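Asks: Okay, sequence plus prediction incoming.
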Amino acid sequence: MEKPPLSKPDEMIKTIISILNTGTVELHSLTPFTHHLTPILILSILSSKTLSSRPNNLVSFFRWCKSHIPTFSQNPTKTLPSLLILLPSLFRHNKYSDAKSLIVDFISFDRQNDFHRSILHPTRAYPRPSRALLDTSIGAYVQLGRPHLASQIFKKMKRLCLCPNLLTCNILLNSLVRYPSSYSISFTREIFTDAIKLGVSPNTNTFNILIHGYCLANKFNDAVDSLNLMAEYHCSPDHVTYNTILDALCKKGKLSEARDLLVDMKNRGLLPNKNTYNILVNGYCNLSWLKEAAHIIELMTENNTLPDVWTYNMLISGLCKEGRLEEALRVRDKMASLNLYPDVVTYNTLIDGYLEWKKSLEAFKVLDEMKEKGVRESVVTHNILIKWFCKEGKMDEVNDRVREMEKSGFSPDAVTYNTLIDAYCKNGMMGEAFKMMDEMGKKGLKMDTFTLNTVLHTLCQEKKLDEAYKLLNSANKRGYFLDEVTYGTLIMGYFKDKKVEKALKIWDEMKEKNVIPTIITYNSIIAGLCQSGKTEQALNKLNELLESGLVPDEYTYNSIIHGYCCEGDTEKAFQFHNKMVEKSFKPDVFTCNILLRALCREGMIEKALKLFHMWVSKGKTTDVVTYNILITSLCKERRIDDALVFFKEMEDKKLRPDNFTYNAIVGALTDMGRTEEAEVFSSQMAEEEKLLNQPLLPDETQDTVKSESLKESDSSSMAHSESINELCAKGRYKDAMSLFEEVTQKGISVSRFTYLTLMEGLLKRRKSTSRAVR
């Protein structure tokens, strides 16, 4: 290696400054100095007043040092002083892009947050942080997904009464509203208020970000208030403003409020655009109001706004949810005539639809067609198939599909892991579920609300409701975003355990936290109250539901009808039914069965038969339960011949009689002395049982279950399980994990409850985001 021409540090500094002071720097001329430059010498060169007017050369030199001088680049504490000296020069020459790039590069490796500390608590050795430095640093931290650190720098600007740039404010607000924390919106509102006080003039984009945050947190009134506040700051709402709120309202089923907002939008002179129409189509499809959705598509065409692939994808999704799969295919085919080509979302929707409606052969045909058309599978395609295999309990195929997913170049994402965790929990394979959670964390995938809800659901199934409640409270403190499913899961758990007061207490807590219940959450509490003999209280919840702008569905009405019937008040059940039919309620087969059972229970068989014939005359569907109710009641009344007429009708309709059907008929025939006929039906029942009586578990699986139960009963297993549970109870999750790994390596299994405890621990190990932001 060639030695530098000058060996003394001062002379070397002068030589390098001389090289850098030329118009275009030849960086290769610095090579002789590589082994002689130290962080202190680099700092001296960057501090040179001679070079202060050459920011480009300074940046080039700094980058060269980072790539050629290990003692400078490998230790952030050695690099930081030079960076802090260099930045003011860049800001003086408006080199904001270069400055931000250097900051981003540095803080991405700054694990100890030295740069952040030096800005918040500067020493006298370096220039005090300027407005430009603070402003640019906020943008850098936001770019790296660390809005909590960026917000602390903003607060520093607030203390110094320095007004941040509007663009900086907007990117910070935007990052905060999307940050996965239950505190996000409160911090966003605080930053917004402080920015206004510092003299920032918000624009429409600022308000759109704030409104988006309110909508994510289901604070619709605050979103609308922000829209109305815009005029005070000389801002006008645009399509994004309205579409953001409309989308949030439609997703929550608040169609009446969405209509009111649409009227306000038109009154302000804003006509709906394609996104507005698409939001409405999606809203109607989610509520299964497919006629209304189709009408919106017609309106689009009339107003010269052509539907796009997204529009038709939503309609296809709505049809698939309703099981109208042939119609969904026709819509897909219609797209081609409009020069709209089905995309991966179209195919994914159809595949998912067929699988949900138990038509797996058709689903795989669509998958083959998708490949033939050159439409590449996505992560979602794989997740749909994994979900189906999980539902079918085909866990071996699930593992094959995950491997195929990875071979296709896709890594399992949070949805994949959550699906697997959920499936393993439902199949009682707690060890595998825990393994997935652990693997998820090691891959850097954050456990989210879905993961939390899965573990809560499993705890509720195991009737460990106290543990579930503790987990809910600790999850809230750790920044998990608790949604209506989180609370609904625990509410249903308490109702199933007949703890009505506790269920209502959780409901009140949910409302206090401003978590907006959806129709599903309302249905859960209405059904729970009805099953607990509190139908009048359930009726109050129905009125509350209607006042909130939600639209009840068949399940809502059926729960209340069933509640009255269970309380023996069939007359009230019919009165409520008739009143709701006047309000567009469309009774389904469940409604019919509930009313038939109530009439038969009270001995009003003729009224039940009249209701049945009226129902059938309207072309409405019936099922095995419908016929079983009538056949059982007729048999009890010794009207066996009438019962046999219904039995024949069942067979004609291809409705397979079950044990309830046969037992009722065989019992009645035997009681009436018609033993030969009874024997014929008994033989038929035996044949049916042969077809249906397949073993629930293959022999291999049964052997595995036996061996696992033997292992769990082992004293060593029990002792280790207790030790792990004790460590978790003390909050020593790290020690618990170490012990778990140690015992499993020895081939010792732990109990099902221990796996659940460890899973809770993984959720609780997530650091509190609230502390980080504050």
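Replies: Noted; the coordinates are in hand.

Asks: low-scoring stretches of the protein, by residue?
Replies: Along the chain, segments meeting pLDDT under 70 span 1-7, 180-182, 479, 688-720, 730, 733, 741-774.

Asks: Need the residue closest to the centroid of it.
Replies: Phe450 (5.8 Å; C-alpha atoms, centre = their mean).

Asks: could I have the helix or strand it falls within exported to PDB, CA atoms only?
Replies: Assigned by DSSP states H and E, Phe450 falls within helix 449-461. Provided in PDB are the C-alpha atoms of helix 449-461 (Å, rounded to 0.1, in the frame of the first residue of the first chain):
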ATOM      1  CA  THR A 449     -55.400  -8.300  17.500                       C
ATOM      2  CA  PHE A 450     -56.300 -11.400  15.600                       C
ATOM      3  CA  THR A 451     -53.700 -13.400  17.500                       C
ATOM      4  CA  LEU A 452     -54.900 -11.900  20.800                       C
ATOM      5  CA  ASN A 453     -58.500 -12.800  19.900                       C
ATOM      6  CA  THR A 454     -57.600 -16.400  19.100                       C
ATOM      7  CA  VAL A 455     -56.000 -16.900  22.500                       C
ATOM      8  CA  LEU A 456     -58.900 -15.200  24.200                       C
ATOM      9  CA  HIS A 457     -61.300 -17.400  22.400                       C
ATOM     10  CA  THR A 458     -59.400 -20.500  23.500                       C
ATOM     11  CA  LEU A 459     -59.300 -19.300  27.100                       C
ATOM     12  CA  CYS A 460     -63.100 -18.800  27.000                       C
ATOM     13  CA  GLN A 461     -63.600 -22.300  25.500                       C
END
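
Asks: Tell me the helices and strands packed up against the helix or strand following it.
Replies: Counting by DSSP H and E, the next helix or strand C-terminal to helix 449-461 is helix 465-477. Applying 3 or more C-beta pairs under 8 Å, 6 or more residues apart in numbering; DSSP states H and E, one finds that helix 465-477 contacts helix 449-461, helix 484-496, helix 752-764. Quick note: C-beta positions are derived from backbone N, CA and C, even for glycine.

Asks: Could you give the number of residues near Ser151?
Replies: Residue neighbour count, defined by other C-beta atoms under 10 Å, stands at 26 for Ser151.

Asks: my bad, should have said Leu315
Replies: 25.

Asks: Report the buried residues of stretch 183-203.
Replies: When burial is assessed from 16 or more other C-beta atoms under 10 Å, stretch 183-203 yields the following buried residues: 183-185, 187-192, 194-195, 198, 200, 202-203.

Asks: quick one: that stretch to chain centroid distance?
Replies: In terms of C-alpha atoms, centre = their mean, to the nearest Å, the centre of stretch 183-203 is found 27 Å from the chain centre.

Asks: Same question for stretch 592-611.
Replies: Mean-position distance between stretch 592-611 and its chain equals 43 Å (C-alpha atoms, centre = their mean).

Asks: Can you get me the start-to-end distance on that stretch?
Replies: Terminal residues of stretch 592-611 are spaced 8 Å apart (C-alpha to C-alpha, to the nearest Å).

Asks: so who does the residue nearest to the centre of the chain touch?
Replies: Residues in contact with Phe450, defined by C-beta atoms under 8 Å, 6 or more residues apart in numbering, are Ala414, Val415, Asn418, Asp422.

Asks: Can you flag the buried ones in the residues you listed?
Replies: Using 16+ other C-beta under 10 Å as the burial test, the contacts of Phe450 include Val415, Asn418, Asp422 as buried.

Asks: before we move on, back to that, could you report the distance from the residue nearest to the centre of the chain to Tyr179?
Replies: Going from Phe450 to Tyr179 by C-beta to C-beta, to the nearest Å gives 18 Å.

Asks: Please name every helix or strand in contact with whichever strand or helix holds Leu596.
Replies: Using DSSP H and E, Leu596 sits within helix 589-601. When contacts are defined as 3+ C-beta pairs under 8 Å, 6+ apart, helix 589-601 sits against helix 554-566, helix 570-582, helix 605-617, helix 624-636.

Asks: and the helix or strand following the last one, which residues are buried?
Replies: The helix or strand immediately downstream of helix 624-636 is helix 640-652, counting by DSSP H and E. Under the neighbour-count criterion of 16+ other C-beta under 10 Å, helix 640-652 has Ile640, Asp642, Ala643, Leu644, Phe646, Phe647, Met650 buried.

Asks: Can you report how many residues neighbour Arg656?
Replies: Arg656, neighbours per other C-beta under 10 Å, totals 11.

Asks: right, and it touches Asp623 too?
Replies: No - counting by C-beta atoms under 8 Å, Arg656 sits too far from Asp623 to count as a contact (10.6 Å).

Asks: In helices only, show me the buried ones among the contacts of Phe450.
Replies: Val415, Asn418, Asp422 (DSSP state H).

Asks: so can I have a markdown table of those residues showing distance to Asp308?
Replies: Formatted as a markdown table, those follow (distance: C-beta to C-beta, whole Å):
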| residue | distance to Asp308 |
| --- | --- |
| Val415 | 25 |
| Asn418 | 30 |
| Asp422 | 34 |
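
Asks: The stretch 51-200 of the chain: helices as residue ranges?
Replies: 55-68, 70-73, 76-92, 96-107, 114-120, 131-143, 147-159, 166-178, 184-197 (DSSP state H, counting those that start in this stretch).

Asks: Output the contacting helices and strands for the fifth one.
Replies: So the one you mean is helix 114-120. Contact here means 3+ C-beta pairs under 8 Å, 6+ apart; on that basis helix 114-120 packs against helix 76-92, helix 96-107, helix 131-143, helix 147-159.

Asks: Would you convert those helices into CSV that also reports distance to Glu544?
Replies: As requested, these are exported to CSV (distance: least, C-beta to C-beta, whole Å):
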stretch, distance to Glu544
helix 76-92, 56
helix 96-107, 49
helix 131-143, 40
helix 147-159, 36
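
Asks: Ok, which of those comes nearest Glu567?
Replies: Closest to Glu567 of the helices and strands packed on helix 114-120 is helix 147-159 (C-beta to C-beta; 52.7 Å).

Asks: Run through who's touching that closest one.
Replies: By C-beta under 8 Å, 6+ apart, the list of residues contacting helix 147-159 from outside reads 113, 116, 119-120, 129, 131, 134-135, 137-139, 141-142, 163-164, 172, 175-176, 179, 187, 191, 194-195, 197-198, 769, 772-773.

Asks: Just the angle for it relative to helix 131-143, thanks.
Replies: 160 degrees (axes from the mean of the first three to the mean of the last three C-alpha atoms, to 10 degrees).

Asks: Could you find the closest non-adjacent residue to Thr79?
Replies: Spatially, and ignoring its direct neighbours in sequence, Thr79 is nearest to Phe72 (6.0 Å; C-beta to C-beta, 6 or more residues apart in numbering).

Asks: okay, now that neighbour: neighbour count?
Replies: By other C-beta under 10 Å, 21 other residues sit near Phe72.

Asks: close enough to count as contact, it and Pro39?
Replies: Yes - between Phe72 and Pro39 there is a contact under C-beta under 8 Å: 5.1 Å.

Asks: Touching both of these two, which residues are there?
Replies: Residues touching both Phe72 and Pro39 (C-beta under 8 Å, 6+ apart): Lys78, Thr79, Ser82.

Asks: between those, which is closest to Leu355?
Replies: Thr79 (54.1 Å).

Asks: Which residues are in contact with the closest one?
Replies: Here Thr79 is in contact with Pro39, Lys66, Phe72, Ser73, Phe106 (criterion: C-beta under 8 Å, 6+ apart).

Asks: Surely the last one is in contact with Ser82?
Replies: Just to be clear, that refers to Phe106. No - using C-beta under 8 Å, Phe106 is not in contact with Ser82, being 10.1 Å away.
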